[in-house]
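# following is a predicted model, sequence given first.
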Amino acid sequence: LRQGNLKGAAEAARHALELNPSSAEGHYLLGRVFLHDRKPEKAVEAFTHSLALQSASPGVLRDLAGVYVLQGKLADAEQALSRAIKADPNHVVAYLALAKLYERQQDFAAAKQTYQRVLVIEPKQAEALFQLATLLDQHGESKEARETVTRLTTVSPKHAEGWYLSGRIAEKNGDLLEAASAYQQAVAAKPDLVAAHYNLGFIYRSQDKPTEAEREFLEVVRYRPEYAEAYISLGAIYTGMNRLEDAEQAYEKAVTLKPDHAEARYNFGVFYELYRKDMPRALAQYRKYRELGGRDERVERIVGAGPP
């Protein structure tokens, strides 16, 4: 099963059950095979059979709850997880699954309380700290979110997503220096974390650091070549650096990737009008911008006065 050989795992589990039909572990393994094979009904049947043979197995109950979530049976999932926790009050994985279930049910208070319960059991549990900080941030509890994510990056200094979240929280609070530092930590831990490179690039642009901003947006398109918005930003940066050939190529790439991107069309139009002095091409981009729902008084005047 760990090697991804579902057929072999199923045959082994069935053979084990032929030898010992009362093997709870055999039924559990078969249920996991069905779960990996996307056969939830059969997985439920196998897990239920396993529980009939050993009713207080937290691991089986946790996996059964996972199947119920896939089926949209959230009440059944909650009941299974509650049984798992009753069997083992310190079962961290069951608590984490229950907290995510509460989030799915939009029960913020219950999810928060459940993550906090995990942290009573394991104060340095990174997943609980990250999920709790994310939850707090989403619900506007900025101060507590900041404190929680700081705990996370202290106990787990290579947690890239934690540093990214820390940067987002700092950025929303207007602390761009702290945000930039956090994003730098994020990409140091995980160089392909595109969102951190992208946000860091915008901070550098706001600080009038075009070379640094260019570097970050180039990292974005290195890992995500289809990221049109990064090419728009590169176009603006190159225009400001008077690298007009590079700017034109960047805007061209953006509209090729996303022909219906209104902002790209607008920026490309401005580029042709003001920097290339090429009004026919500028008008073509502005017209496309209007067709996509873009509205700008200056563009309206230019297009209205332009040749048909």
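That came through, no problem.

# what strand or helix carries the spatially closest residue to Y272 that is not a sequence neighbour?
Of all residues not flanking Y272 in the chain, A282 sits nearest, at 3.9 Å (Cβ to Cβ, 6 or more residues apart in numbering). In this view, the C-beta of every residue, glycine as well, is placed from N, C-alpha and C. For A282, the host element (DSSP states H and E) is helix 279-291.

# hmm, who's touching that helix?
Under the contact criterion Cβ atoms under 8 Å, 6 or more residues apart in numbering, helix 279-291 has outside partners 255, 262, 265-266, 268-273, 276, 296, 299-300, 302-303, 306-307.

# could you redo the last one with a cut-off of 10 Å?
248, 251, 255, 259-276, 278, 294-296, 298-300, 302-303, 305-308 (Cβ atoms under 10 Å, 6 or more residues apart in numbering).

# quick one: buried ones out of those?
Neighbour counting by 16 or more other Cβ atoms under 10 Å classes 248, 251, 255, 261-262, 264-273, 294, 296, 299, 302-303 among the contacts of helix 279-291 as buried.

# show me these that map onto helices.
Using DSSP state H, the members of the buried ones among the contacts of helix 279-291 that fall within helices are 248, 251, 255, 262, 264-270, 299, 302-303.

# going by distance to A228, which of these wins?
Comparing those against A228 with Cβ to Cβ places A264 closest, at 6.4 Å.

# contacting residues for the closest residue to the closest one other than its chain neighbours?
In space, and not counting its chain neighbours, A264 is closest to A254: 4.2 Å by Cβ to Cβ, 6+ apart. Counting by Cβ under 10 Å, 6+ apart, A254 touches 227-235, 261, 263-265, 267-268.

# wait, which of these is closest to D137?
Once Cβ to Cβ is applied, the member of the contacts of A254 that ends up nearest D137 is E229, at 22.6 Å.

# element containing the closest one, please.
Secondary structure (DSSP H and E) places E229 in helix 228-240.

# against which helices or strands is that helix packed?
helix 194-206, helix 210-223, helix 244-257, helix 262-270 (3 or more Cβ pairs under 10 Å, 6 or more residues apart in numbering; DSSP states H and E).

# and the first one with helix 228-240, angle?
For helix 194-206 and helix 228-240, the angle between their directions (axes from the mean of the first three to the mean of the last three Cα atoms, to 10 degrees) works out to 20 degrees.

# what of the shortest one?
Angle of helix 262-270 versus helix 228-240, following the same axes, to 10 degrees, is 20 degrees.

# contacts only, for K112.
For K112, the contacting residues are A99, Y102, E103, Q131, L132, L135, L136, H139, E141, E144, by Cβ under 10 Å, 6+ apart.

# buried sites along the helix holding A282?
Buried residues in helix 279-291, counted by 16+ other Cβ under 10 Å: R281, A282, L283, A284, Q285, Y286, R287, K288, Y289, R290.

# gap between it and the chain center?
Distance of helix 279-291 from its chain centroid, counting by Cα atoms, centre = their mean, to the nearest Å, is 35 Å.

# R83: which of the buried residues of helix 279-291 is nearest?
Looking across the buried residues of helix 279-291 and measuring by Cβ to Cβ, the closest to R83 is Y289, at 58.0 Å.

# excluding its backbone neighbours, what's nearest the closest one?
In space, and not counting its chain neighbours, Y289 is closest to R265: 4.0 Å by Cβ to Cβ, 6+ apart.

# hang on, the earlier thing: in strands, which of the contacts of K112 fall?
With strands taken from DSSP state E, there is no overlap with these.

# out of those residues, who's nearest K158?
Set against K158, the nearest of the contacts of K112 by Cβ to Cβ is Q131 (17.7 Å).

# one step back: which of the helices and strands packed on helix 228-240 is buried the deepest?
Mean neighbours per residue, mean count of other Cβ atoms under 10 Å, is largest over the helices and strands packed on helix 228-240 for helix 262-270, with a mean of 23.
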